[in-house]
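Chemist: Predicted model and sequence below, questions to follow.
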Amino acid sequence: MLHRDALKWFGFERNPFVSGQAPSNEMYLSPEMTAILRDLRERLSEGGLAALIGPVGAGKTTILRRLLEAGDFAACVVQDPDQPTVRIRQVQTAIAQQVCGRDLHYRGGWGRVVRSLQERSGQRVLVICDDAHHYGVSTILAARRMSEICDPKGMLLLSILLVGQPPLARTVADYSGDTREVSLRCETFVLKGFERIHIRHYLAKRFSAAGAEMDNVITDDGITALCESIPRMTVARELLPFFQEGEERRRFSALDIHRCAAEALWRAWKAGAKKVTERHVLPTARVEATAPPARAVA
């Protein structure tokens, strides 16, 4: 976390690396994220089951915020931070609250919810199941069956989006196991992280949203050094089939970008520099920034 004095030193109005402080339209979307958002919105408009998978810092939350703020769906989010293992009853209850404004136990239970869905005159409900990598096989199988609820004309009434980290891929992309029926009917969208060419644009968007122009904060050689020093993302085994050969070695997570950029800003601030340069990014700069001043020898 950057000290508030350091933020003020570089002209930031807020911490550029805290996502919750910025509106979603100020968040950077890489070309990959833009394409996934477009295709995901189109897929969900048709109804059925889809999955959005990516490691921490790949952009899942940004995609979801854009999706919800567009207002294309009557949406409900299923998430219980205190009990990550969600059962299908909790999913049904969230749908009941959205559709009927009542708890699932109120008059008629799930059958009433289905009838209410069928009476909505084509307005589809989007159910976002966050942290779905914690879901058991039985819950995901039940969600798949729920996603096939139709009106009398055969139009799907629910769009269910499973959102989770790489372990979710074991369930929705396993064509040989118990969840084969899910794999055959669930379209999977994978966020792979940022490439080096996106880092400059990503930081420029973050800095601008926080009230500072990148040219006033970091030099070109500082950006180049930063891009070279950010550790590459470790891709989970479950996601490797979604990458082309060698592609996984060219990806970076947003969290690693944040850590490296924040550390470089901190070093420059401690050194009294107005801009981050290459020497504040390189590992040797830590010694220069933090070492106490040398004492004169008598």
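Modeler: Done, it's in. Numbers count the residues shown, from 1 in each chain.

Chemist: so what's residue 39 closest to, chain neighbours aside?
Modeler: Among residues not flanking residue 39 along the chain, residue 189 sits closest, at 6.8 Å (C-beta to C-beta, 6 or more residues apart in numbering). In short, each C-beta sits where N, CA and C put it, glycine included.

Chemist: Oh, that last question was meant for residue 66, not what I typed.
Modeler: Nearest one to residue 66, counting by C-beta to C-beta, 6+ apart, is residue 24 at 5.2 Å.

Chemist: so that neighbour makes contact with residue 63?
Modeler: No: if you go by C-beta atoms under 8 Å, residue 24 and residue 63 don't touch, sitting 9.3 Å apart.

Chemist: what about those two, which has more around it?
Modeler: residue 63 (25 against 17; other C-beta atoms under 10 Å).

Chemist: Quick one: residues contacting that one.
Modeler: Shown in contact with residue 63 (C-beta atoms under 8 Å, 6 or more residues apart in numbering): 33, 36-37, 40, 52, 191.

Chemist: for the protein, what spans make up the strands?
Modeler: For the chain, the strands defined by DSSP state E cover 48-53, 74-78, 125-129, 158-164, 186-190.

Chemist: Can you convert those strands into TSV and add a column each for distance to residue 212, mean pLDDT and mean neighbour count?
Modeler: Compiled in TSV, the strands of the chain are given as follows (distance: least, C-beta to C-beta, whole Å; pLDDT from 0 to 100; neighbours: other C-beta atoms under 10 Å):
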stretch	distance to residue 212	mean pLDDT	mean neighbour count
strand 48-53	31	95	24
strand 74-78	33	82	18
strand 125-129	33	88	23
strand 158-164	32	92	24
strand 186-190	33	94	18
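
Chemist: Format those strands as TSV; extra columns: distance to residue 235.
Modeler: As requested, those are exported to TSV (distance: least, C-beta to C-beta, whole Å):
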stretch	distance to residue 235
strand 48-53	12
strand 74-78	27
strand 125-129	23
strand 158-164	16
strand 186-190	10
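
Chemist: of those strands, which approaches residue 276 most closely?
Modeler: strand 186-190 (32.7 Å; C-beta to C-beta).

Chemist: list the helices and strands that closest one packs on?
Modeler: If you count contacts as 3 or more C-beta pairs under 8 Å, 6 or more residues apart in numbering; DSSP states H and E, strand 186-190 packs onto helix 31-44, strand 48-53, helix 168-172.

Chemist: Return the distance of residue 65 relative to residue 178.
Modeler: 33 Å (C-beta to C-beta, to the nearest Å).

Chemist: Between these two, tell me which one has more neighbours.
Modeler: Using other C-beta under 10 Å, the more surrounded residue of residue 65 and residue 178 is residue 65, with 17 against 12.

Chemist: Tell me the pLDDT of the more buried one.
Modeler: For residue 65, the pLDDT comes out at 89.

Chemist: Quick one: which of the contacts of residue 63 is the most crowded by neighbours?
Modeler: Going by other C-beta under 10 Å, residue 52 tops these with 25 neighbours.

Chemist: which stretches of the stretch 1-150 of the chain form helices?
Modeler: 4-9, 31-44, 60-69, 88-100, 109-118, 137-146 (DSSP state H, counting those that start in this stretch).

Chemist: closest to residue 222 out of these?
Modeler: Of all the helices of the stretch 1-150 of the chain, helix 4-9 comes closest under C-beta to C-beta, at 15.3 Å.

Chemist: ok, and for the closest one, which residues are buried?
Modeler: 6-7, 9 (16 or more other C-beta atoms under 10 Å).

Chemist: May I see the residues you listed arranged in TSV, with distance to residue 277 and pLDDT as well?
Modeler: Below are the buried residues of helix 4-9 laid out as TSV (distance: C-beta to C-beta, whole Å; pLDDT from 0 to 100):
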residue	distance to residue 277	pLDDT
6	16	93
7	19	93
9	15	94
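
Chemist: any idea which of the residues you listed is closest to residue 215?
Modeler: Among the buried residues of helix 4-9, and counting by C-beta to C-beta, the member closest to residue 215 is residue 9, at 16.0 Å.
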